[in-house]
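>>> sequence unavailable; structure follows:
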């Protein structure tokens, strides 16, 4: 079955960096567009970034543009999110999610990981 195992979250001071990983299994990873979505306490889900199936096209929310970088290694079935210059408002549970369509502007997902917590605080 489709599964995602996320890792890399943690506690970091403002200005710090973290790299999230999401290892996929149970499907042909290289055929699917993927996204990172986050949810802060008491708030709804917020789309963060998307990448096409071969990694040649990426998009970012304005709130993270210039600070976060999404990438993927299809040989390792792994999605990444490099997060630099972290701010307290980046504190959230971060999920990787599989898009239902090969469309960068789509926000429809059929499978999600379990999430990895990122906490940014001094």
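Looks like it came in fine. Please read these numbers as outputs of a predicted model, since none were measured by experiment.

>>> wait, isn't residue 38 in contact with residue 97?
No. With contact taken as Cβ atoms under 8 Å, residue 38 and residue 97 are classed as non-touching, separated by 10.5 Å. Every C-beta, even on glycine, is put in place using the N, C-alpha and C of the backbone.

>>> how about the contacts made by the residue nearest the centre of the chain?
The centre of the chain sits closest to residue 36, judged by Cα atoms, centre = their mean, with a distance of 2.5 Å. Neighbouring residues of residue 36 by Cβ atoms under 8 Å, 6 or more residues apart in numbering: 20, 22, 47-50, 70, 79, 81, 94-97.

>>> residue 99 now?
Contact criterion Cβ under 8 Å, 6+ apart gives 32, 33, 34, 35, 50, 106, 108, 109, 110 as the residues in contact with residue 99.

>>> my guess is the fourth one contacts residue 52, does it?
No. At 10.7 Å, residue 35 does not count as touching residue 52 under the criterion of Cβ under 8 Å.

>>> neighbour count: the two, which is higher?
Taking other Cβ atoms under 10 Å, residue 35 and residue 52 do not tie; residue 35 has more neighbours (24 against 17).

>>> neighbouring strands for the helix or strand containing the more buried one, and are they parallel or not?
Under the assignment given by DSSP states H and E, the secondary-structure element containing residue 35 is strand 34-39. Using DSSP bridges, the neighbouring strands of strand 34-39 in the sheet come out as strand 45-51 (antiparallel), strand 92-99 (antiparallel).

>>> show me what counts as buried in the first one.
By that I understand strand 45-51. Neighbour counts using 16 or more other Cβ atoms under 10 Å place 45, 47, 48, 49, 50, 51 of strand 45-51 among the buried residues.

>>> report the separation between the first one and residue 34.
Computed as Cβ to Cβ, to the nearest Å, the residue 45 to residue 34 distance reads 15 Å.
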